[in-house]
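**Student:** Quick one: sequence plus predicted model below, questions after.
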Amino acid sequence: MKSVLLLTLLVPGVAYAQDGGSVADSKLDESLRQSVQQGCVGTTSVIVRTKAGYRQGLRDSLTQHGDVVKGEFPELDALAADVHCDDLSALAGFTTVYSVSSTVSRTALNNGLNSYAL
């Protein structure tokens, strides 16, 4: 039901079509695919890359949906946000979204690398 709500919120002002399930799943990084398969609940921190010109509309829609946008990266057409787990597949299904990646794995990687630098 939340996926339908997300789709409804993302539509105003921007035409979004959805890719088929396997294409959408391929846009999620491995850790997010596993989270969805294991029944992820609550929210998760992600970075979403969009096609040029769609970042602002996605930011507005996520905010209206109750998700927290933590940062924007205009030069990459990307934003960082805490997104509801049950919306990940729908988000990845939009043709205007290139990829959805977990920020947790990057944080863990950075922490690991930083400990070697000390």
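**Tutor:** Happy to help now that I have it.
**Student:** What about G42? Give its phi and psi, please.
**Tutor:** Main-chain torsions, G42, degrees, to the nearest 10: phi 80, psi -140.
**Student:** residues touching it, list them.
**Tutor:** By Cβ atoms under 8 Å, 6 or more residues apart in numbering, G42 lies in contact with H84, C85. Quick note: C-beta positions are derived from backbone N, CA and C, even for glycine.
**Student:** I'd like to know how far it sits from V83.
**Tutor:** For G42, the distance to V83 equals 10 Å [Cβ to Cβ, to the nearest Å].
**Student:** And the pLDDT at L113?
**Tutor:** According to the prediction, L113 has pLDDT 48.
**Student:** pLDDT score assigned to T50?
**Tutor:** Taking T50 on its own, its pLDDT is 95.
**Student:** So it sits against D77, correct?
**Tutor:** Yes: at 5.0 Å, T50 counts as touching D77 under the criterion of Cβ atoms under 8 Å.
**Student:** hey, what's in contact with both of these two?
**Tutor:** Y98.
**Student:** partners of the helix or strand containing E72, with directions?
**Tutor:** In this assignment (DSSP states H and E), E72 forms part of strand 68-73. Taking DSSP bridges as the criterion, strand 68-73 forms sheet pairs with strand 78-84 (antiparallel).
**Student:** Need the contact partners of the partner strand.
**Tutor:** Applying Cβ under 8 Å, 6+ apart, the set of residues contacting strand 78-84 is 2, 6, 42-50, 55, 58-59, 62, 65-73, 91, 100, 103.
**Student:** Select only the buried ones of those in PyMOL?
**Tutor:** Buried members of those, defined by 16 or more other Cβ atoms under 10 Å, are picked up in PyMOL with:
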select buried, resi 6+43+44+45+46+47+48+49+50+55+58+59+62+65+67+69+91+100+103
